[in-house]
Structure formats: structure tokens, C-alpha cells
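J.: Predicted model, plus sequence, below.
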Amino acid sequence: MDIAVTETILVTGGAGYIGSHACVALLIAGFEVVVLDNFSNSHPLALERVQKITGRTLVFQQGDLRDHTMLDQLFHAHRISAVMHFAVLKAVGESCSNPLAYYDNNVVGTIHLLQVMQAHAVQRLIFSSSATVYRPSAVMPLDENAALGATNPYGQTKQMIEQMLMDCCASAPWQVALLRYFNPVGAHESGLIGEDPAGIPNNLLPYVAQVAAGVREVLPVFGNDYNTPDGTGVRDFIHVQDLVAGHLAALRLLLTKDKQQAFCRPYNLGTGNGYSVLEMVQAFERISGKSVRYRIMPRRDGDVAACWANAQRAQQELSWVAEKNLDAMLADSWRWQSNNPQGYRS
Ligand code: NAD
Ligand code: UD1
């Protein structure tokens with residue numbers, strides 16, 4: 001069934017890495033977009049670039065999810081059909097040193113969003129969850145029935161929000177997709193938007209890209225004694241463009257659902273393939289033509305040896321599969337990094 005493309009979608013965290021790519025996909029698909037962001041981890045230029053890529057305009061509200069009055073006014077001002085909710089804090093290490101900031105921003109912020117949505121009878125939500133909600137396991141791949149058990153405050157906030165959403169659906173007809181991302185990488189092929197971590201990158205790919213670009217000297221490789229083919233960690237890297245295509249697929253599903261019937265379902269978004277840290281380093285050197293110096297360091301606390309997805313549910317129920325291969329992920333990361341060596345501040 002075709003969706004009327006006059007629907008307006010609220011994108012919380014729309015100036016961020018994944019949110020900005022989602023805005024591009026929504027605008028290209030013909031949706032109207034309202035972005036709410038407080039720029040705590042992003043830059044206004046991202047939204048200008050989104051509009052440049054798409055040739056369309058979006059509505060932007062600068063503000064914080066916990067500002068209940070502002071949120072209420074936003075829902076009064078726009079006829080919102082559904083929400084894509086990206087706006088959280090996401091640094092695992094920081095969540096361990098400052099857990100209350102994470103519970104406040106992520107959990108309390110989401111409670112305000114859900115309260116205002118409910119008050120305005122907007123009960124369709126796509127939530128950015130994460131593979132981090134799964135209990136660490138030696139059995140791969142992970143499907144959506146794998147045991148949950150986040151191991152750090154950031155992951156706990158994701159698990160709590162999933163639980164809140166399931167409880168909402170048990171009490172009222174919400175339609176919710178819980179999208180559990182594996183490891184998003186890459187950038188829009190224009191090189192205009194991409195991941196722009198503040199300070200030292202926590203995640204592998206931005207670090208590798210910054211070493212290739214000469215912004216950082218050497219990549220720390222956290223452990224080479226794991227039970228994996230080359231001893232380094234293995235992850236399921238997924239192109240951000242594939243990831244946002246999964247959001248569009250989930251949105252289309254939710255928009256076709258009967259508004260009187262509750263629906264809440266988790267979907268893994270991954271490729272089903274794993275690559276090791278050293279495979280990533282070598283592939284990045286090949287794609288960029290630059291060398292990436294690395295140094296083997298002790299294991300990082302909380303890391304698992306390997307993690308990859310069984311994404312068959314998304315294939316069957318959302319008609320979605322990840323299409324872009326590793327070379328495309330790395331080529332697009334490199335284009336973004338080399339065009340914007342200091343991110344949006346370049
Ligand atoms: P990001 O930090 O780039 O984007 C989040 C955006 O939300 C930022 O623009 C930030 O300014 C905004 N924000 C944060 N708190 C806010 C608040 N209280 N009010 C208003 N705006 C606020 O992160 P991202 O990588 O784009 O991640 C998006 C979502 O995907 C997050 O929910 C994250 O947990 C989830 N996720 C990301 C990854 C990943 O590797 N990037 C993996 C799994 C899940
Ligand atoms: C991390 C988070 C996870 C979050 C995900 C996506 C931790 C423990 N987990 O997952 O909660 O959902 O990011 O944001 O932080 N690596 C290096 N050197 C580096 C960086 C990473 O060797 O400088 C290695 C790691 O040890 C790991 C692999 O690269 O084996 C991937 O790491 P990363 O990109 O941080 O993702 P995850 O650990 O999978």
C-alpha cells in the first residue's frame with residue numbers, strides 16, 4: 001500500500017550522525033520533516049547540508065527533549081504522524097563515569113517525549129535501539145529472541161526505553177518499531193554529511209579514518225588475543241544509508257498499521273557479516289591509499305570477541321536487507337573524512 005507522502009515526521013536528534021541521514025532519506029521520499037535537536041553532540045551545518053543534498057527544506061526547532069512545554073508547543077504547531085527518536089547521549093565510557101546524566105537525558109527525555117506524544121494522540125514511534133541491549137554471548141549470530149542484558153549505563157537506558165515502550169503498547173494502541181542497530185559506519189555518498197565525533201573517537205571507524213587523514217597518529221587496537229581468526233574483535237558493520245533505509249521500511253510498516261491495534265516489535269539491523277578490527281584497517285588502507293598505523297593495546301573493558309546479527313526478521317517483515325558492501329562503507333567514510341578533516345568545524 002502506498003503511503004501518502006504528505007505525512008510529517010518528527011526526527012529527534014536529526015542533526016546527529018544517523019538522524020541527519022534519516023532526514024535526507026525522509027525528504028527524498030517526500031515526507032515533511034520537523035527536527036528537534038539541542039546540538040549537544042552535533043552542529044547546525046548538518047541540517048544546512050541535509051537541505052543542500054535534498055533541495056528541500058525542513059523545519060528545525062532547537063531545544064531539549066526534557067523541555068516539556070516546548071515539546072507540547074511543537075506538537076501543537078505541526079500535525080505529526082510519527083516520530084523517529086534518535087536523541088540520546090551515546091558514549092559508553094562517559095555513561096559509566098556519569099550515569100545520572102545518561103538516565104536523565106535518555107530515559108527522562110524519552111518519558112517527556114512519550115507523554116507529549118500520548119497527549120497529542122501521536123503513538124507511532126521508531127526507536128533507535130542497539131545491539132548493546134543483548135547480553136554478551138559467545139553464540140552468534142544474535143536474533144531478536146537472544147537474551148537481553150546490557151552491561152553499561154548507556155545500554156541500560158536503551159533496554160529501559162525498550163521496556164517502557166513495550167509497557168506503553170500493553171496499555172494503549174501504540175505502534176512501535178525497536179530498531180537494534182549493529183555497528184553503523186559510512187556516510188552519505190555526497191561527502192557532505194557524516195559522523196563527526198567530538199574529541200577522541202570512541203568507535204573504531206572514525207578513529208581509523210582520522211589516522212588515515214593524519215588527524216591522529218596511531219590507532220589503538222584493543223586486544224589481539226580474542227578467539228577470532230586474527231585475534232582482534234569482530235563486528236557487524238552496516239552502512240548508515242542501509243540503516244536509514246531500514247527506518248523508512250519500518251515507518252512505512254507502522255503507517256499501514258491499524259491505529260487501534262498495539263504493535264511493538266524489535267528488529268535487528270545488521271548485515272549478518274562480521275569483519276575484524278585488522279580486516280577493517282587493511283581494507284581502509286586499500287580504499288584510501290593511506291597507511292593506518294596501529295598499536296596493539298590491552299582489551300577494552302566490556303568488549304566482546306565477536307558480535308553479528310541475524311537480520312532475517314527485518315528481511316521478512318520489513319522487506320529490507322542491507323545492500324552496501326564493506327568497500328562502499330569505507331569509501332564513503334573516507335570521502336566524508338577527507339573532505340571534512342575536522343568534521344563540520346573544518
Ligand atoms: P549522535 O550523537 O550523532 O546524534 C544524537 C543527536 O541527538 C545529537 O544531534 C544530539 O545533539 C541530540 N540530542 C541528544 N540529547 C538530546 C536532547 N536531550 N534533546 C535534544 N537533542 C538531543 O548519535 P548517532 O550516532 O546519530 O545515534 C543516533 C541514535 O542511534 C542514538 O539513539 C544512538 O544511541 C543510536 N545508536 C547509535 C549507534 C552508533 O554507532 N552511532 C549504534 C547503536 C545505536
Ligand atoms: C560500541 C559500544 C556499543 C555501541 C556501539 C555503537 C562499547 C563497549 N560498546 O560497540 O554500546 O552500541 O559502539 O555505537 O563501547 N576498537 C579498537 N580501537 C578503537 C576503537 C574500537 O580496537 O579505537 C575495537 C573494539 O575493541 C571492538 C571494535 O573495534 O572490537 C568495534 O568497536 P566500536 O566501534 O567501539 O563498537 P562496539 O564495541 O561494537
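T.: Noted; the coordinates are in hand. Ligands and ions are numbered 1, 2, ... in the order given.

J.: which residues touch the residue of the stretch 101-250 of the chain found nearest ligand 2?
T.: Nearest residue of the stretch 101-250 of the chain to ligand 2 (Cβ to the nearest ligand atom) works out as residue 233 at 2.2 Å. Placement of C-beta: from N, CA and C, glycine included. Applying Cβ atoms under 8 Å, 6 or more residues apart in numbering to residue 233 gives the contacts 222-223, 226, 276-277, 303-306.

J.: can you pull the buried residues of the least confident helix or strand in the chain by mean pLDDT?
T.: Of the helices and strands making up the chain, the lowest-confidence element is helix 92-97, at a mean of 94, by mean pLDDT, DSSP states H and E. Of the residues in helix 92-97, 92, 95 count as buried by neighbour count, 16 or more other Cβ atoms under 10 Å.

J.: Who are the packing partners of the helix or strand that it is followed by?
T.: Downstream of helix 92-97, the next assigned helix or strand under DSSP states H and E is helix 99-102. When contacts are defined as 3 or more Cβ pairs under 8 Å, 6 or more residues apart in numbering; DSSP states H and E, helix 99-102 packs onto helix 92-97, helix 153-171.

J.: Low-confidence stretches in the chain?
T.: Segments of the chain classed as low confidence (criterion: pLDDT under 70) are 1-5.

J.: residue in it nearest to ligand 1?
T.: In the chain, the residue found nearest to ligand 1 is residue 16; the distance is 2.0 Å by Cβ to the nearest ligand atom.

J.: got a list of what that residue touches?
T.: Taking Cβ under 8 Å, 6+ apart as the definition, contacts of residue 16 comprise 37, 41-42, 46, 86-87.

J.: Spatially nearest residue to the residue of the stretch 101-250 of the chain closest to ligand 2, not counting backbone neighbours?
T.: Ranked by Cβ to Cβ, 6 or more residues apart in numbering and with sequence neighbours excluded, the top spatial neighbour of residue 233 is residue 277, at 5.4 Å.

J.: related to what we said a few turns ago, may I ask which two of the contacts of residue 16 are separated the most?
T.: Of all pairs drawn from the contacts of residue 16, the one with the largest separation by Cβ to Cβ is 46 and 87; the distance is 13.5 Å.

J.: what about the two, which has more around it?
T.: Just comparing residue 46 and residue 87: by other Cβ atoms under 10 Å the higher neighbour count belongs to residue 87, 28 against 25.

J.: The more buried one is in contact with residue 37, isn't it?
T.: Yes - under the criterion of Cβ atoms under 8 Å, residue 87 is in contact with residue 37, at a separation of 6.7 Å.

J.: and residue 167, how many neighbours?
T.: When neighbours are counted by other Cβ under 10 Å, residue 167 registers 12.

J.: Tell me where the protein has strands.
T.: According to DSSP state E, the chain carries its strands in the segments 8-12, 32-37, 59-62, 80-85, 124-130, 175-181, 183-185, 219-222, 234-235, 237-239, 263-269, 275-276, 294-297, 306-307.

J.: Mean neighbour count and distance to residue 71 added to those strands, as JSON lines?
T.: As requested, the strands of the chain are arranged in JSON lines below (neighbours: other Cβ atoms under 10 Å; distance: least, Cβ to Cβ, whole Å):
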{"stretch": "strand 8-12", "mean neighbour count": "25", "distance to residue 71": "9"}
{"stretch": "strand 32-37", "mean neighbour count": "25", "distance to residue 71": "8"}
{"stretch": "strand 59-62", "mean neighbour count": "16", "distance to residue 71": "9"}
{"stretch": "strand 80-85", "mean neighbour count": "24", "distance to residue 71": "11"}
{"stretch": "strand 124-130", "mean neighbour count": "24", "distance to residue 71": "14"}
{"stretch": "strand 175-181", "mean neighbour count": "24", "distance to residue 71": "18"}
{"stretch": "strand 183-185", "mean neighbour count": "25", "distance to residue 71": "26"}
{"stretch": "strand 219-222", "mean neighbour count": "19", "distance to residue 71": "39"}
{"stretch": "strand 234-235", "mean neighbour count": "24", "distance to residue 71": "35"}
{"stretch": "strand 237-239", "mean neighbour count": "25", "distance to residue 71": "30"}
{"stretch": "strand 263-269", "mean neighbour count": "22", "distance to residue 71": "22"}
{"stretch": "strand 275-276", "mean neighbour count": "21", "distance to residue 71": "40"}
{"stretch": "strand 294-297", "mean neighbour count": "14", "distance to residue 71": "43"}
{"stretch": "strand 306-307", "mean neighbour count": "20", "distance to residue 71": "35"}
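
J.: who in the stretch 151-300 of the chain is up against ligand 1?
T.: Listed as neighbours of ligand 1 in the stretch 151-300 of the chain under the rule Cβ under 6 Å from any ligand atom: 181, 184, 203.
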